[in-house]
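1. how would this look folded up:
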Amino acid sequence: MTSPVSPALFDQFARGWRGYVLIALIALTSGLIGAARVPVTDIDEARFAQATRQMVESDDYIRIRVQDAERNRKPVGIYWLQAASVNAMRPFVDRLNTIWPYRLPSALGLMLASLATLWAGTNLFGARTGFVGAAIFAVGLLAGVEGMLAKTDAVMTGFITLAFASLIQLRTGTKRPRLVALLFWAAIGCGIMIKGPLPPLAAGMTLAALAFWEKRANWMKPLAFWPGPLLALAITLPWAISIGVVTEGRFYSELLLREIGPKLVSGGDHRHGGIPGYHLLWLPLLIFPATYALPAALRLGWSAIRAPRQDNAHAPFRFLIAWAVPIFAFFELMPAKLIHYTLPAYPAIALMCAAGLFAMRGKRWRTTHPAGLVAFGVFGALIVALMAVVSTFMPGYLADAGVRRAVATALIGAGTLAAAIAGLIMLRRPTARAAILVACALVLSFSLRGRLLPEARSLFVSNEAAATMTRARLMPREDQNFWIVGYEQPSIIFMTRTWVHLVEIEDLAETPIAAGDGVMLEGRVLEQAQTVLRAQGLEFEAADQPAQGMAIGRGEYMTLNIGRVHEAASDAPAGARQSNP
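-> Got it, this is the predicted structure:
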(Lines give C-alpha, C1' and ligand atoms only; values in the text may rest on other atoms or scores of the structure.)
Protein backbone atom coordinates (compact mmCIF):
# COMPACT_ATOMS: atom_id res chain seq x y z
CA MET A 1 0.00 0.00 0.00
CA THR A 2 2.07 2.91 -1.31
CA SER A 3 1.18 6.57 -0.97
CA PRO A 4 0.66 8.39 -4.29
CA VAL A 5 3.40 10.68 -5.46
CA SER A 6 2.65 14.22 -4.30
CA PRO A 7 4.26 17.53 -5.29
CA ALA A 8 3.82 18.81 -1.70
CA LEU A 9 6.96 20.23 -0.11
CA PHE A 10 6.81 17.78 2.79
CA ASP A 11 6.58 14.80 0.43
CA GLN A 12 9.46 16.06 -1.68
CA PHE A 13 11.54 16.45 1.45
CA ALA A 14 10.62 13.14 3.09
CA ARG A 15 11.09 11.13 -0.10
CA GLY A 16 14.75 11.96 -0.54
CA TRP A 17 17.94 11.67 1.48
CA ARG A 18 16.94 14.76 3.46
CA GLY A 19 14.28 12.72 5.22
CA TYR A 20 16.90 10.27 6.51
CA VAL A 21 19.10 13.15 7.67
CA LEU A 22 16.24 14.77 9.57
CA ILE A 23 15.19 11.48 11.20
CA ALA A 24 18.82 10.90 12.25
CA LEU A 25 18.93 14.37 13.82
CA ILE A 26 15.60 13.86 15.62
CA ALA A 27 16.74 10.49 16.97
CA LEU A 28 20.11 11.82 18.11
CA THR A 29 18.43 14.77 19.80
CA SER A 30 16.00 12.46 21.57
CA GLY A 31 18.72 10.07 22.73
CA LEU A 32 21.26 12.71 23.76
CA ILE A 33 18.91 14.81 25.89
CA GLY A 34 20.38 14.56 29.38
CA ALA A 35 23.14 12.15 28.35
CA ALA A 36 25.89 14.46 29.55
CA ARG A 37 24.12 15.68 32.70
CA VAL A 38 22.05 12.87 34.22
CA PRO A 39 24.27 10.89 36.65
CA VAL A 40 24.90 7.20 36.08
CA THR A 41 21.87 5.18 37.12
CA ASP A 42 21.55 1.88 38.94
CA ILE A 43 21.51 -1.01 38.45
CA ASP A 44 21.98 -2.12 34.86
CA GLU A 45 23.54 1.02 33.39
CA ALA A 46 26.15 1.26 36.15
CA ARG A 47 27.09 -2.40 35.68
CA PHE A 48 27.49 -2.06 31.92
CA ALA A 49 29.52 1.13 32.25
CA GLN A 50 31.73 -0.25 35.02
CA ALA A 51 32.43 -3.45 33.07
CA THR A 52 33.43 -1.38 30.04
CA ARG A 53 35.58 0.85 32.23
CA GLN A 54 37.46 -2.19 33.55
CA MET A 55 37.96 -3.40 29.97
CA VAL A 56 39.60 -0.08 29.09
CA GLU A 57 41.64 0.05 32.31
CA SER A 58 42.93 -3.52 31.99
CA ASP A 59 43.18 -3.54 28.18
CA ASP A 60 41.40 -6.93 28.31
CA TYR A 61 38.55 -6.87 25.79
CA ILE A 62 37.51 -10.52 26.15
CA ARG A 63 36.59 -10.94 29.81
CA ILE A 64 33.68 -8.97 31.23
CA ARG A 65 33.96 -7.96 34.87
CA VAL A 66 32.24 -5.69 37.34
CA GLN A 67 34.88 -5.08 40.00
CA ASP A 68 36.04 -8.59 41.01
CA ALA A 69 32.97 -10.49 39.74
CA GLU A 70 32.88 -11.83 36.19
CA ARG A 71 29.83 -11.19 33.99
CA ASN A 72 31.02 -13.40 31.13
CA ARG A 73 27.54 -14.81 30.59
CA LYS A 74 26.63 -11.51 28.88
CA PRO A 75 27.37 -10.98 25.15
CA VAL A 76 30.32 -8.69 24.60
CA GLY A 77 29.06 -6.47 21.77
CA ILE A 78 27.77 -3.56 23.84
CA TYR A 79 31.00 -3.46 25.86
CA TRP A 80 33.08 -3.27 22.68
CA LEU A 81 30.94 -0.43 21.35
CA GLN A 82 31.16 1.46 24.62
CA ALA A 83 34.91 0.85 24.86
CA ALA A 84 35.37 2.16 21.30
CA SER A 85 33.34 5.24 22.20
CA VAL A 86 35.30 5.84 25.41
CA ASN A 87 38.66 5.47 23.64
CA ALA A 88 37.54 7.79 20.85
CA MET A 89 36.42 10.42 23.37
CA ARG A 90 39.52 10.19 25.58
CA PRO A 91 40.93 13.50 24.25
CA PHE A 92 37.74 15.25 25.42
CA VAL A 93 37.36 13.72 28.90
CA ASP A 94 39.90 13.53 31.68
CA ARG A 95 38.38 10.70 33.70
CA LEU A 96 37.06 7.24 32.87
CA ASN A 97 34.09 7.73 35.21
CA THR A 98 32.55 10.40 32.98
CA ILE A 99 29.35 8.70 31.87
CA TRP A 100 28.42 10.39 28.59
CA PRO A 101 30.96 8.56 26.35
CA TYR A 102 29.47 5.25 27.50
CA ARG A 103 26.02 6.46 26.43
CA LEU A 104 26.90 7.43 22.87
CA PRO A 105 26.42 3.88 21.41
CA SER A 106 22.85 3.82 22.76
CA ALA A 107 22.05 7.14 21.07
CA LEU A 108 23.51 5.76 17.84
CA GLY A 109 21.48 2.59 18.33
CA LEU A 110 18.30 4.68 18.60
CA MET A 111 19.35 6.51 15.43
CA LEU A 112 19.85 3.19 13.61
CA ALA A 113 16.45 1.94 14.77
CA SER A 114 14.78 5.16 13.61
CA LEU A 115 16.46 5.10 10.19
CA ALA A 116 15.53 1.44 9.76
CA THR A 117 11.93 2.31 10.74
CA LEU A 118 11.91 4.98 8.03
CA TRP A 119 13.23 2.47 5.50
CA ALA A 120 10.65 -0.13 6.55
CA GLY A 121 7.77 2.35 6.54
CA THR A 122 8.74 3.76 3.15
CA ASN A 123 8.62 0.29 1.61
CA LEU A 124 5.29 -0.53 3.29
CA PHE A 125 3.34 2.72 3.01
CA GLY A 126 5.41 5.36 1.25
CA ALA A 127 7.86 8.02 2.32
CA ARG A 128 5.36 10.25 4.11
CA THR A 129 3.97 7.58 6.44
CA GLY A 130 7.41 6.07 6.96
CA PHE A 131 8.82 9.47 7.94
CA VAL A 132 6.04 10.13 10.47
CA GLY A 133 6.35 6.64 11.96
CA ALA A 134 10.11 6.96 12.37
CA ALA A 135 9.79 10.42 13.93
CA ILE A 136 7.18 9.48 16.55
CA PHE A 137 9.14 6.34 17.39
CA ALA A 138 12.39 8.26 17.85
CA VAL A 139 10.89 10.73 20.34
CA GLY A 140 8.89 8.12 22.25
CA LEU A 141 9.24 8.13 26.03
CA LEU A 142 10.78 4.66 26.33
CA ALA A 143 12.86 4.91 23.16
CA GLY A 144 14.33 8.25 24.23
CA VAL A 145 15.20 7.07 27.74
CA GLU A 146 16.82 3.87 26.46
CA GLY A 147 18.70 5.91 23.88
CA MET A 148 20.15 7.97 26.71
CA LEU A 149 21.21 5.09 28.99
CA ALA A 150 24.41 3.07 28.54
CA LYS A 151 22.63 -0.29 28.14
CA THR A 152 21.90 -2.85 25.45
CA ASP A 153 18.26 -2.16 24.59
CA ALA A 154 18.56 0.76 22.17
CA VAL A 155 21.43 -0.85 20.25
CA MET A 156 19.65 -4.22 20.17
CA THR A 157 16.48 -2.52 18.87
CA GLY A 158 18.55 -0.85 16.16
CA PHE A 159 19.84 -4.16 14.80
CA ILE A 160 16.47 -5.92 15.17
CA THR A 161 14.70 -3.09 13.31
CA LEU A 162 17.34 -3.22 10.56
CA ALA A 163 16.73 -6.97 10.24
CA PHE A 164 12.96 -6.46 9.97
CA ALA A 165 13.40 -3.63 7.47
CA SER A 166 15.45 -6.04 5.34
CA LEU A 167 12.64 -8.60 5.54
CA ILE A 168 10.16 -5.94 4.41
CA GLN A 169 12.42 -5.11 1.46
CA LEU A 170 12.41 -8.79 0.45
CA ARG A 171 8.66 -8.99 0.91
CA THR A 172 7.83 -5.90 -1.17
CA GLY A 173 10.34 -6.76 -3.89
CA THR A 174 13.92 -5.82 -4.64
CA LYS A 175 16.36 -6.17 -7.53
CA ARG A 176 19.10 -7.44 -5.18
CA PRO A 177 17.43 -10.00 -2.92
CA ARG A 178 20.68 -11.76 -2.01
CA LEU A 179 22.34 -8.52 -0.96
CA VAL A 180 19.33 -7.66 1.22
CA ALA A 181 19.42 -11.16 2.70
CA LEU A 182 23.08 -10.66 3.60
CA LEU A 183 22.13 -7.41 5.32
CA PHE A 184 19.47 -9.29 7.29
CA TRP A 185 21.96 -11.92 8.46
CA ALA A 186 24.57 -9.27 9.31
CA ALA A 187 22.00 -7.47 11.48
CA ILE A 188 21.09 -10.75 13.17
CA GLY A 189 24.75 -11.53 13.84
CA CYS A 190 25.38 -8.09 15.32
CA GLY A 191 22.19 -8.39 17.37
CA ILE A 192 23.39 -11.70 18.81
CA MET A 193 26.61 -9.99 19.91
CA ILE A 194 24.47 -7.44 21.76
CA LYS A 195 21.61 -9.50 23.25
CA GLY A 196 22.24 -13.16 22.57
CA PRO A 197 19.36 -15.21 21.11
CA LEU A 198 16.65 -12.52 21.22
CA PRO A 199 17.17 -11.05 17.70
CA PRO A 200 16.98 -14.40 15.83
CA LEU A 201 14.10 -15.43 18.11
CA ALA A 202 12.14 -12.29 17.25
CA ALA A 203 12.76 -12.72 13.52
CA GLY A 204 11.93 -16.42 13.66
CA MET A 205 8.64 -15.80 15.46
CA THR A 206 7.62 -13.20 12.87
CA LEU A 207 8.50 -15.39 9.89
CA ALA A 208 6.64 -18.35 11.41
CA ALA A 209 3.59 -16.22 12.20
CA LEU A 210 3.46 -14.80 8.66
CA ALA A 211 3.91 -18.20 7.04
CA PHE A 212 1.07 -19.63 9.15
CA TRP A 213 -1.21 -16.62 8.64
CA GLU A 214 -0.75 -16.11 4.90
CA LYS A 215 0.03 -19.71 3.89
CA ARG A 216 2.88 -18.54 1.69
CA ALA A 217 6.59 -18.19 2.18
CA ASN A 218 8.09 -17.84 -1.30
CA TRP A 219 9.40 -14.36 -0.56
CA MET A 220 11.53 -15.80 2.28
CA LYS A 221 13.65 -17.95 -0.08
CA PRO A 222 16.55 -15.46 -0.39
CA LEU A 223 17.17 -15.92 3.36
CA ALA A 224 18.40 -19.43 2.56
CA PHE A 225 21.25 -18.00 0.45
CA TRP A 226 24.10 -19.87 2.15
CA PRO A 227 26.60 -17.01 2.65
CA GLY A 228 24.02 -15.26 4.86
CA PRO A 229 24.08 -17.67 7.82
CA LEU A 230 27.85 -17.97 7.38
CA LEU A 231 28.13 -14.20 7.69
CA ALA A 232 26.19 -14.29 10.97
CA LEU A 233 28.50 -17.07 12.19
CA ALA A 234 31.57 -15.12 11.12
CA ILE A 235 30.38 -12.19 13.24
CA THR A 236 29.64 -14.24 16.37
CA LEU A 237 31.90 -17.31 16.26
CA PRO A 238 35.37 -15.78 16.82
CA TRP A 239 34.35 -14.22 20.12
CA ALA A 240 32.33 -17.29 21.13
CA ILE A 241 35.42 -19.48 20.72
CA SER A 242 37.83 -17.02 22.38
CA ILE A 243 35.64 -16.45 25.43
CA GLY A 244 35.28 -20.20 25.87
CA VAL A 245 39.05 -20.64 25.76
CA VAL A 246 39.91 -17.65 27.96
CA THR A 247 37.36 -18.53 30.65
CA GLU A 248 38.07 -22.27 30.43
CA GLY A 249 34.44 -22.99 29.63
CA ARG A 250 32.99 -20.93 32.51
CA PHE A 251 31.19 -18.65 30.06
CA TYR A 252 28.97 -21.45 28.80
CA SER A 253 28.47 -23.07 32.19
CA GLU A 254 27.42 -19.71 33.69
CA LEU A 255 25.19 -19.03 30.68
CA LEU A 256 23.43 -22.35 31.21
CA LEU A 257 23.35 -22.44 35.02
CA ARG A 258 22.67 -18.76 35.77
CA GLU A 259 20.84 -17.44 32.73
CA ILE A 260 19.10 -19.95 30.48
CA GLY A 261 18.49 -22.72 33.01
CA PRO A 262 16.74 -20.67 35.70
CA LYS A 263 14.68 -18.80 33.12
CA LEU A 264 13.49 -22.00 31.51
CA VAL A 265 12.60 -23.52 34.88
CA SER A 266 11.16 -20.52 36.72
CA GLY A 267 10.63 -18.00 33.93
CA GLY A 268 13.18 -15.47 35.07
CA ASP A 269 13.79 -13.17 37.99
CA HIS A 270 10.60 -13.04 40.04
CA ARG A 271 11.74 -9.85 41.71
CA HIS A 272 10.62 -8.25 38.44
CA GLY A 273 7.43 -10.22 38.10
CA GLY A 274 4.05 -9.11 36.82
CA ILE A 275 0.73 -10.45 35.64
CA PRO A 276 -0.02 -11.06 31.94
CA GLY A 277 -0.98 -7.75 30.38
CA TYR A 278 1.83 -5.89 32.16
CA HIS A 279 3.49 -4.68 28.96
CA LEU A 280 0.20 -3.76 27.29
CA LEU A 281 -0.73 -1.71 30.35
CA TRP A 282 2.48 0.31 30.07
CA LEU A 283 2.34 0.68 26.27
CA PRO A 284 0.21 3.88 26.01
CA LEU A 285 2.55 5.68 28.41
CA LEU A 286 5.86 4.38 27.09
CA ILE A 287 5.09 5.01 23.42
CA PHE A 288 3.94 8.59 24.10
CA PRO A 289 3.38 10.76 21.98
CA ALA A 290 2.20 8.07 19.54
CA THR A 291 -0.50 7.41 22.18
CA TYR A 292 -2.71 9.84 20.27
CA ALA A 293 -2.82 7.53 17.23
CA LEU A 294 -3.13 4.23 19.13
CA PRO A 295 -6.96 4.02 18.70
CA ALA A 296 -6.55 4.43 14.94
CA ALA A 297 -3.73 1.86 14.91
CA LEU A 298 -5.92 -0.62 16.79
CA ARG A 299 -8.69 -0.14 14.26
CA LEU A 300 -6.28 -0.71 11.37
CA GLY A 301 -4.96 -3.83 13.06
CA TRP A 302 -8.44 -5.20 13.66
CA SER A 303 -9.37 -4.58 10.02
CA ALA A 304 -6.23 -6.47 8.90
CA ILE A 305 -7.06 -9.42 11.16
CA ARG A 306 -10.60 -9.65 9.78
CA ALA A 307 -9.57 -9.22 6.14
CA PRO A 308 -8.99 -12.29 3.91
CA ARG A 309 -5.39 -13.36 3.69
CA GLN A 310 -5.46 -12.74 -0.06
CA ASP A 311 -6.22 -9.05 0.50
CA ASN A 312 -2.99 -7.31 -0.51
CA ALA A 313 -4.21 -3.95 0.79
CA HIS A 314 -3.81 -5.24 4.36
CA ALA A 315 -0.50 -7.06 3.77
CA PRO A 316 1.63 -4.27 5.37
CA PHE A 317 -0.48 -4.37 8.50
CA ARG A 318 -0.23 -8.16 8.67
CA PHE A 319 3.55 -7.87 8.66
CA LEU A 320 3.56 -5.24 11.41
CA ILE A 321 1.17 -7.30 13.52
CA ALA A 322 3.36 -10.38 13.03
CA TRP A 323 6.33 -8.23 14.10
CA ALA A 324 4.86 -6.75 17.26
CA VAL A 325 2.40 -9.31 18.63
CA PRO A 326 4.81 -12.30 19.04
CA ILE A 327 7.32 -10.10 20.90
CA PHE A 328 4.61 -8.86 23.27
CA ALA A 329 3.15 -12.35 23.68
CA PHE A 330 6.57 -13.84 24.45
CA PHE A 331 7.35 -11.36 27.20
CA GLU A 332 3.81 -11.33 28.57
CA LEU A 333 4.10 -15.09 29.13
CA MET A 334 7.45 -14.74 30.89
CA PRO A 335 7.06 -14.27 34.68
CA ALA A 336 10.00 -11.82 34.71
CA LYS A 337 8.87 -8.46 33.34
CA LEU A 338 10.65 -5.15 32.90
CA ILE A 339 9.12 -2.32 30.91
CA HIS A 340 11.95 -2.11 28.36
CA TYR A 341 11.74 -5.76 27.26
CA THR A 342 9.23 -5.06 24.46
CA LEU A 343 11.09 -2.06 22.95
CA PRO A 344 11.93 -4.01 19.71
CA ALA A 345 8.19 -4.09 18.93
CA TYR A 346 7.77 -0.32 19.21
CA PRO A 347 8.94 0.55 15.66
CA ALA A 348 6.17 -1.64 14.24
CA ILE A 349 3.58 -0.04 16.52
CA ALA A 350 4.83 3.44 15.63
CA LEU A 351 4.37 2.66 11.91
CA MET A 352 0.83 1.44 12.63
CA CYS A 353 0.18 4.70 14.47
CA ALA A 354 1.57 6.72 11.57
CA ALA A 355 -0.74 4.91 9.17
CA GLY A 356 -3.58 5.59 11.61
CA LEU A 357 -2.81 9.32 11.59
CA PHE A 358 -3.38 9.42 7.84
CA ALA A 359 -6.45 7.18 8.05
CA MET A 360 -8.11 9.54 10.57
CA ARG A 361 -8.96 11.97 7.79
CA GLY A 362 -11.78 9.73 6.60
CA LYS A 363 -15.29 10.29 7.97
CA ARG A 364 -15.56 6.69 9.17
CA TRP A 365 -12.67 7.35 11.54
CA ARG A 366 -14.22 10.23 13.42
CA THR A 367 -14.31 8.44 16.80
CA THR A 368 -10.58 7.68 16.82
CA HIS A 369 -9.69 11.38 17.03
CA PRO A 370 -11.50 12.14 20.34
CA ALA A 371 -10.39 8.78 21.76
CA GLY A 372 -6.82 9.62 20.83
CA LEU A 373 -7.09 13.07 22.40
CA VAL A 374 -8.31 11.56 25.67
CA ALA A 375 -5.53 8.97 25.71
CA PHE A 376 -2.93 11.60 24.80
CA GLY A 377 -4.17 13.91 27.57
CA VAL A 378 -4.35 11.22 30.25
CA PHE A 379 -0.92 9.71 29.66
CA GLY A 380 0.63 13.09 28.98
CA ALA A 381 -0.69 14.19 32.37
CA LEU A 382 1.04 11.18 33.93
CA ILE A 383 4.34 12.34 32.46
CA VAL A 384 3.73 15.85 33.79
CA ALA A 385 2.98 14.37 37.21
CA LEU A 386 6.24 12.41 37.04
CA MET A 387 8.08 15.64 36.25
CA ALA A 388 6.47 17.32 39.27
CA VAL A 389 7.51 14.46 41.54
CA VAL A 390 11.09 14.55 40.24
CA SER A 391 11.27 18.29 40.93
CA THR A 392 10.69 17.66 44.65
CA PHE A 393 14.08 15.90 44.82
CA MET A 394 15.91 19.09 43.87
CA PRO A 395 17.71 20.84 46.76
CA GLY A 396 16.06 23.72 48.56
CA TYR A 397 16.21 25.51 51.88
CA LEU A 398 12.62 26.67 52.29
CA ALA A 399 10.16 24.36 54.03
CA ASP A 400 7.75 24.46 51.12
CA ALA A 401 10.38 24.60 48.35
CA GLY A 402 9.48 21.13 47.07
CA VAL A 403 5.79 22.00 46.82
CA ARG A 404 6.52 25.27 45.00
CA ARG A 405 8.77 23.55 42.47
CA ALA A 406 6.25 20.77 41.94
CA VAL A 407 3.45 23.27 41.26
CA ALA A 408 5.63 25.34 38.91
CA THR A 409 6.79 22.24 37.03
CA ALA A 410 3.25 20.92 36.74
CA LEU A 411 2.01 24.26 35.35
CA ILE A 412 4.77 24.36 32.71
CA GLY A 413 4.17 20.75 31.71
CA ALA A 414 0.39 21.21 31.67
CA GLY A 415 0.78 24.29 29.48
CA THR A 416 2.90 22.34 26.99
CA LEU A 417 0.38 19.49 26.95
CA ALA A 418 -2.59 21.84 26.57
CA ALA A 419 -0.93 23.63 23.66
CA ALA A 420 -0.34 20.28 21.95
CA ILE A 421 -3.96 19.19 22.46
CA ALA A 422 -5.20 22.52 21.10
CA GLY A 423 -2.98 22.07 18.04
CA LEU A 424 -4.29 18.55 17.46
CA ILE A 425 -7.85 19.88 17.60
CA MET A 426 -7.30 22.88 15.33
CA LEU A 427 -5.00 21.34 12.72
CA ARG A 428 -6.33 18.45 10.65
CA ARG A 429 -3.41 17.66 8.35
CA PRO A 430 -1.67 14.43 9.48
CA THR A 431 1.80 15.88 8.95
CA ALA A 432 0.95 18.94 11.05
CA ARG A 433 -0.37 16.73 13.83
CA ALA A 434 2.77 14.60 13.65
CA ALA A 435 4.91 17.72 14.00
CA ILE A 436 2.92 18.73 17.10
CA LEU A 437 3.41 15.28 18.64
CA VAL A 438 7.16 15.34 18.00
CA ALA A 439 7.56 18.87 19.35
CA CYS A 440 5.54 18.11 22.49
CA ALA A 441 7.56 14.96 23.20
CA LEU A 442 10.89 16.75 22.76
CA VAL A 443 9.84 19.62 25.05
CA LEU A 444 8.70 17.24 27.80
CA SER A 445 11.82 15.08 27.38
CA PHE A 446 14.06 18.14 27.66
CA SER A 447 12.21 19.29 30.77
CA LEU A 448 12.49 15.88 32.41
CA ARG A 449 15.93 14.64 31.31
CA GLY A 450 17.66 17.86 30.42
CA ARG A 451 16.55 20.08 33.31
CA LEU A 452 14.89 18.22 36.19
CA LEU A 453 16.77 14.92 36.56
CA PRO A 454 20.27 16.47 36.53
CA GLU A 455 19.25 18.84 39.34
CA ALA A 456 17.31 16.23 41.35
CA ARG A 457 20.37 15.38 43.40
CA SER A 458 18.46 13.47 46.07
CA LEU A 459 17.49 10.90 43.43
CA PHE A 460 21.13 9.84 43.02
CA VAL A 461 22.65 9.06 46.41
CA SER A 462 25.86 7.69 44.86
CA ASN A 463 26.41 11.02 43.13
CA GLU A 464 25.90 12.83 46.44
CA ALA A 465 28.30 10.43 48.15
CA ALA A 466 30.98 11.03 45.50
CA ALA A 467 30.57 14.80 45.93
CA THR A 468 30.94 14.42 49.72
CA MET A 469 34.08 12.32 49.27
CA THR A 470 35.57 14.97 46.99
CA ARG A 471 34.84 17.80 49.43
CA ALA A 472 36.34 15.80 52.32
CA ARG A 473 39.36 14.75 50.20
CA LEU A 474 38.48 11.11 50.73
CA MET A 475 38.22 10.07 47.10
CA PRO A 476 39.80 6.57 46.93
CA ARG A 477 43.43 6.29 45.81
CA GLU A 478 45.43 3.31 44.64
CA ASP A 479 47.76 3.50 47.65
CA GLN A 480 44.96 3.49 50.23
CA ASN A 481 42.04 1.16 50.93
CA PHE A 482 38.47 2.38 50.86
CA TRP A 483 35.70 0.22 52.31
CA ILE A 484 31.97 0.52 51.59
CA VAL A 485 29.84 -1.31 54.13
CA GLY A 486 26.16 -2.10 53.59
CA TYR A 487 25.76 -0.30 50.25
CA GLU A 488 26.25 -2.38 47.13
CA GLN A 489 24.98 -0.22 44.24
CA PRO A 490 27.41 -0.47 41.28
CA SER A 491 27.13 3.26 40.56
CA ILE A 492 29.35 4.06 43.55
CA ILE A 493 32.12 1.91 42.04
CA PHE A 494 31.86 3.65 38.68
CA MET A 495 31.89 7.10 40.26
CA THR A 496 34.90 6.40 42.49
CA ARG A 497 37.52 3.75 41.74
CA THR A 498 37.41 0.17 40.53
CA TRP A 499 39.44 -1.06 43.52
CA VAL A 500 37.05 0.10 46.28
CA HIS A 501 35.94 -2.78 48.52
CA LEU A 502 32.24 -3.60 48.95
CA VAL A 503 31.63 -5.37 52.25
CA GLU A 504 28.49 -6.89 53.75
CA ILE A 505 27.96 -6.07 57.40
CA GLU A 506 28.09 -9.79 58.23
CA ASP A 507 31.65 -9.96 56.85
CA LEU A 508 32.98 -6.80 58.47
CA ALA A 509 34.59 -8.60 61.43
CA GLU A 510 36.85 -10.57 59.04
CA THR A 511 37.69 -7.54 56.90
CA PRO A 512 41.30 -6.25 57.24
CA ILE A 513 40.41 -2.62 57.86
CA ALA A 514 43.34 -0.59 59.18
CA ALA A 515 43.67 2.83 60.79
CA GLY A 516 43.68 5.58 58.17
CA ASP A 517 41.47 3.70 55.70
CA GLY A 518 38.50 5.50 54.18
CA VAL A 519 35.10 4.03 55.02
CA MET A 520 31.50 4.53 53.89
CA LEU A 521 28.82 3.16 56.20
CA GLU A 522 25.19 2.87 55.17
CA GLY A 523 22.91 4.38 57.82
CA ARG A 524 21.07 1.19 58.77
CA VAL A 525 24.30 -0.63 59.60
CA LEU A 526 26.09 2.33 61.20
CA GLU A 527 25.69 1.31 64.84
CA GLN A 528 26.45 -2.36 64.16
CA ALA A 529 29.54 -1.42 62.12
CA GLN A 530 30.80 0.88 64.87
CA THR A 531 30.43 -1.96 67.38
CA VAL A 532 32.47 -4.30 65.17
CA LEU A 533 35.16 -1.66 64.64
CA ARG A 534 35.44 -0.95 68.37
CA ALA A 535 35.98 -4.66 68.95
CA GLN A 536 39.00 -4.33 66.66
CA GLY A 537 40.32 -1.25 68.48
CA LEU A 538 39.16 1.15 65.78
CA GLU A 539 36.73 4.03 65.62
CA PHE A 540 34.86 5.59 62.71
CA GLU A 541 34.93 9.37 62.40
CA ALA A 542 32.70 11.10 59.88
CA ALA A 543 34.50 13.68 57.76
CA ASP A 544 31.43 15.60 56.58
CA GLN A 545 27.66 15.61 56.73
CA PRO A 546 26.17 12.29 55.57
CA ALA A 547 25.12 11.96 51.93
CA GLN A 548 21.37 11.39 51.70
CA GLY A 549 19.20 10.41 48.80
CA MET A 550 17.39 7.70 46.89
CA ALA A 551 19.09 4.49 45.79
CA ILE A 552 17.01 3.94 42.66
CA GLY A 553 18.32 0.40 42.21
CA ARG A 554 16.76 -0.53 45.55
CA GLY A 555 13.94 1.98 45.61
CA GLU A 556 14.95 3.13 49.10
CA TYR A 557 15.98 6.39 50.70
CA MET A 558 19.45 6.02 52.21
CA THR A 559 22.01 7.79 54.36
CA LEU A 560 25.69 7.23 53.61
CA ASN A 561 28.21 8.18 56.32
CA ILE A 562 31.69 8.89 54.94
CA GLY A 563 34.92 9.26 56.88
CA ARG A 564 38.01 7.43 58.13
CA VAL A 565 38.80 4.87 60.81
CA HIS A 566 41.51 5.58 63.39
CA GLU A 567 42.89 3.99 66.51
CA ALA A 568 40.42 3.80 69.38
CA ALA A 569 40.83 6.27 72.22
CA SER A 570 43.22 5.35 75.05
CA ASP A 571 40.34 4.62 77.43
CA ALA A 572 39.13 1.84 75.19
CA PRO A 573 39.31 -1.70 76.63
CA ALA A 574 42.79 -3.19 76.54
CA GLY A 575 41.52 -6.29 74.82
CA ALA A 576 40.10 -4.14 72.03
CA ARG A 577 43.45 -2.36 71.54
CA GLN A 578 45.31 -5.67 71.42
CA SER A 579 42.94 -7.02 68.84
CA ASN A 580 43.87 -4.26 66.44
CA PRO A 581 45.92 -5.84 63.64
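2. mind listing what the residue nearest the centre of the chain touches?
-> Centroid-nearest residue in the chain: Glu146, 2.8 Å away (criterion: CA atoms, centre = their mean). Glu146 is in contact with Ser106, Leu110, Asp153, Ala154, Thr157, His340, Leu343, counting by CB atoms under 8 Å, 6 or more residues apart in numbering. Just so you know, the C-beta spots here come from the backbone N, C-alpha and C atoms, and that holds for glycine as well.
3. buried ones in the host helix or strand of it?
-> In this structure, Glu146 sits in helix 141-148 according to DSSP states H and E. For helix 141-148, the neighbour count (16 or more other CB atoms under 10 Å) marks Leu141, Leu142, Ala143, Gly144, Val145, Glu146, Gly147, Met148 as buried.
4. roughly how far does the nearest residue to the second one once chain neighbours are set aside sit from Phe159?
-> Residue nearest to Leu142 in three dimensions, not counting chain neighbours: Leu286, with 3.8 Å by CB to CB, 6 or more residues apart in numbering. Using CB to CB, to the nearest Å, one obtains 20 Å as the distance from Leu286 to Phe159.
5. again with Leu320
-> For Leu320 relative to Phe159 (CB to CB), the value is 18 Å.
6. ok, these two, which is more surrounded?
-> Leu320 (29 against 26; other CB atoms under 10 Å).
7. any idea how far the more buried one is from Glu541?
-> 63 Å.
8. again with Val485
-> Taking CB to CB, one finds Val485 at 15 Å from Glu541.
9. over to Ala329?
-> 57 Å.
10. Met111 too?
-> Counting by CB to CB, the gap from Met111 to Glu541 is 50 Å.
11. more neighbours: those two, which one.
-> Higher neighbour count among Met111 and Glu541: Met111, with 24 against 10, using other CB under 10 Å.
12. ok, that one - contacts?
-> With CB under 8 Å, 6+ apart, Met111 has these contacts: Ala24, Ala27, Leu28, Gly31, Ala138, Gly158.
13. pipe those into JSON lines and attach distance to Gly537 per row.
-> JSON lines is the format used below for these (distance: CB to CB, whole Å):
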{"residue": "Ala24", "distance to Gly537": "63"}
{"residue": "Ala27", "distance to Gly537": "59"}
{"residue": "Leu28", "distance to Gly537": "57"}
{"residue": "Gly31", "distance to Gly537": "53"}
{"residue": "Ala138", "distance to Gly537": "60"}
{"residue": "Gly158", "distance to Gly537": "57"}
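14. can you tell me which of those residues are buried?
-> Ala24, Ala27, Leu28, Gly31, Ala138, Gly158.
15. tell me the contacts of Ala120?
-> Gly130, Thr161, Phe164, Ala165, Ile168, Pro347, Leu351.
16. of all the residues you listed, which comes closest to Asn87?
-> Nearest to Asn87 among the contacts of Ala120: Thr161, at 26.9 Å, using CB to CB.
17. neighbours around that closest one, how many?
-> Residues lying near Thr161 (other CB under 10 Å) number 30.
18. where's it, which helix or strand?
-> helix 153-172.
19. what is the subsequent helix or strand relative to that helix?
-> helix 177-195.
20. could you list every helix and strand in contact with that next one?
-> helix 77-89, helix 153-172, helix 198-214, helix 227-246 (3 or more CB pairs under 8 Å, 6 or more residues apart in numbering; DSSP states H and E).
21. gap between the first one and the chain center?
-> Computed by CA atoms, centre = their mean, to the nearest Å, the separation of helix 77-89 from the middle of its chain amounts to 17 Å.
22. next one: the second one
-> When distances are taken as CA atoms, centre = their mean, helix 153-172 is centred 18 Å away from the chain's centroid.
23. over to the third one?
-> Going by CA atoms, centre = their mean, the spacing between the C-alpha centre of helix 198-214 and its chain's C-alpha centre is 24 Å.
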